[in-house]
Structure formats: structure tokens, C-alpha cells
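The following block contains a protein sequence and its predicted model.
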Amino acid sequence: MRADRVFAYGAAAGLLGDLLLGDPRRGHPVAAFGRAAGAVERTLWRDHRGWGALHTAVCVGGAVGAAALSAAAVRRSPAASVALTAAATWAVVGGTSLGREARAIGDALAADDVDTARERLPHLCGRDPAALDADGIARAVVESVAENTSDAVVGALVWGAVGGVPGLVAFRAVNTLDAMVGHKSPRYRRYGWASARLDDVAGWAGARLTAVLAVLSGGSPRAAVRAWRSDASLHPSPNAGP
């Protein structure tokens, strides 16, 4: 079976699995990667870009290497290749959980239950809910859904189409590292620089494809394009802006 068909069938099955099952509450592969990356950080951390780049190389390289070996092991079997692609897709995408959390907060806001909305917001993004009123929570949810549609769904599928299972895993590894260390804080301003810049590169295509999909699916495509053109460049992130 051709590689493009393997990915198409496997990705469709993985997306169906995400739709039906969502993210596992325990034993999520991305959480396991995060714990491993944290252990590497505890060993390598120095307030230096070079050590941060080594951390990125070790974590992403290890994840991609394991994915490549797994893909090579099942290459002779189309059924096993499709199954591996489905499992990898299900592990790296998170659209169902993203939508579920956003709708729960939306329902709480619609019922004027701001306290419940504040309690649930950390499930979706890293904002401090105590500092936000109802409108601020709503803006945080919309921004988080927009950005994570790219990071947790579209971007992953773009790299999966390019690189199969290793592409899927590479994108999720890069994106997870950026969430862990790609901050402009005193601890990570230098150490997380490589992870943040690599995430900018990896997310470029997915962010813009997500923006195109938003334009096509909205009620006013022209207004969406105008907003994209006028506002995206004002954001400090080259991908979060679109």
C-alpha cells in the first residue's frame, strides 16, 4: 500500500478514535514524553542557549527516532502500518478534549456561573483565572481554541502527511517542549530559546492553514480575512497571530 494511503487511512481511524474516546485520563503518551523531557531538563539545565538546544535535540531526536524505528518495524505490513498511524494520530491530536473543555466553560458562562468557569479554565490554558472577569475568560477560551486547533489538530496532521508517524511524533514533541520551556521567564529565556524557535518553524504551515479553514468556515469570510491581515502581525508570535 502506498505511503499516502497508509497515512490517510490511519489518520482517519485515529481522528475517529479521538472523536469517540478523547484523551486518556491516565497513561497518555504525550504526558510520558513530558515526564521524560522534564528528567532531561533536570540533568542538562544551564542558563545558556546551547544547553537548551541540546535538550531540544535529545528530546525531539529521541522521540522521532523511536517513531521511525516503530514505523520501519511494521513497514512490510499495510495493516500494521495503518494501525500504528492510527495510534500515533490518536495520541497526538486533541480536538475532542479541546472542544469538550471549551464548551463546558461556555455553558458555565451562559449560566452566569463565573466561578465554575474560572475553575475549569486551567484545563484549557495557562491564564490566571482569578484575574479574569467573564469577558476575559471568554476571550481566553476563544484564543486557546484557535491556537490549539492549529497545535493539537491541523499542524500535527500537516506534519503527519509530510513525514508519516515520525512527522506526527516530531510535531507533538516540538510543541510539547515549547509549552514546557519556551517561555520568556528568567529560567527559560535562554534555555528555552531553541524549543521556542523550532516550534515557530514547525507551526508555520499549520497556523496559516488553520486560519484559512477559519475563513472558510465562518459567517463572514471577507471580515475574517480583513482581521487576519490587519491584526495577525500585531501579535508577538508569528503563528499565534494568524
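Perfect, thanks for sending it. None of the values given here were measured: they were computed from a predicted structure. Numbers count the residues shown, from 1 in each chain.

can you give me the helices for the chain?
Under the criterion DSSP state H, the chain contains helices at 3-21, 29-44, 49-73, 78-92, 95-110, 114-120, 134-149, 155-181, 193-217, 221-231.

Please point out which parts of stretch 77-91 sit buried.
Residues of stretch 77-91 classed as buried: 81, 82, 83, 84, 85, 86, 87, 88, 89, 90, 91 (neighbour count, 16 or more other Cβ atoms under 10 Å). Every C-beta, even on glycine, is put in place using the N, C-alpha and C of the backbone.

again but with stretch 197-212, I slipped
198-200, 202-211.

ok, residues contacting that stretch?
Stretch 197-212 is contacted by residues 56, 60, 146, 149-151, 154-159, 170-171, 174-175, 177-178, 182, 228, 232, 237-240, 242 when judged by Cβ atoms under 8 Å, 6 or more residues apart in numbering.

make it 6 Å
Applying Cβ atoms under 6 Å, 6 or more residues apart in numbering, the contact partners of stretch 197-212 are 149-150, 154-155, 158, 171, 174-175, 178, 228, 238-239, 242.

And the buried residues of stretch 197-212, which is closest to residue 26?
Nearest to residue 26 among the buried residues of stretch 197-212, counting by Cβ to Cβ, is residue 199 at 26.6 Å.

Name the nearest residue to that closest one, ignoring sequence neighbours.
Closest residue in space to residue 199, ignoring its immediate chain neighbours: residue 178 at 3.6 Å, by Cβ to Cβ, 6 or more residues apart in numbering.

do the same with residue 59
residue 37 (4.7 Å).

what does the model give the one you found for pLDDT?
For residue 37, the model assigns a pLDDT of 97.

can I get the contacts of stretch 197-212 in CSV with distance to residue 112?
Converted to CSV, the contacts of stretch 197-212 look like this (distance: Cβ to Cβ, whole Å):
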residue, distance to residue 112
149, 27
150, 31
154, 33
155, 35
158, 39
171, 39
174, 40
175, 35
178, 35
228, 32
238, 37
239, 34
242, 33
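
Could you find which two of those are furthest from each other?
Every pair of the contacts of stretch 197-212 checked by Cβ to Cβ; the farthest is 174 and 228, at 24.1 Å.

For the two, indicate the residue with more neighbours.
Between residue 174 and residue 228, counted using other Cβ atoms under 10 Å, the more crowded position is residue 174 (27 against 17).

Can you give me the pLDDT of the more buried one?
For residue 174, the pLDDT comes out at 97.

What distance do you get for it to residue 41?
According to Cβ to Cβ, to the nearest Å, residue 174 and residue 41 sit 15 Å apart.

again with residue 168
Distance, residue 168 to residue 41, using Cβ to Cβ: 23 Å.

Please identify which of those two sits among more neighbours.
Set residue 168 next to residue 41 and count neighbours by other Cβ under 10 Å: residue 168 wins out with 30 against 21.

May I see the buried residues of stretch 197-212 organised as JSON lines, with pLDDT and distance to residue 45 added?
Formatted as JSON lines, those follow (pLDDT from 0 to 100; distance: Cβ to Cβ, whole Å):
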{"residue": "198", "pLDDT": "97", "distance to residue 45": "18"}
{"residue": "199", "pLDDT": "96", "distance to residue 45": "19"}
{"residue": "200", "pLDDT": "95", "distance to residue 45": "22"}
{"residue": "202", "pLDDT": "96", "distance to residue 45": "23"}
{"residue": "203", "pLDDT": "95", "distance to residue 45": "24"}
{"residue": "204", "pLDDT": "96", "distance to residue 45": "28"}
{"residue": "205", "pLDDT": "95", "distance to residue 45": "31"}
{"residue": "206", "pLDDT": "95", "distance to residue 45": "29"}
{"residue": "207", "pLDDT": "95", "distance to residue 45": "29"}
{"residue": "208", "pLDDT": "95", "distance to residue 45": "33"}
{"residue": "209", "pLDDT": "96", "distance to residue 45": "35"}
{"residue": "210", "pLDDT": "94", "distance to residue 45": "33"}
{"residue": "211", "pLDDT": "94", "distance to residue 45": "35"}
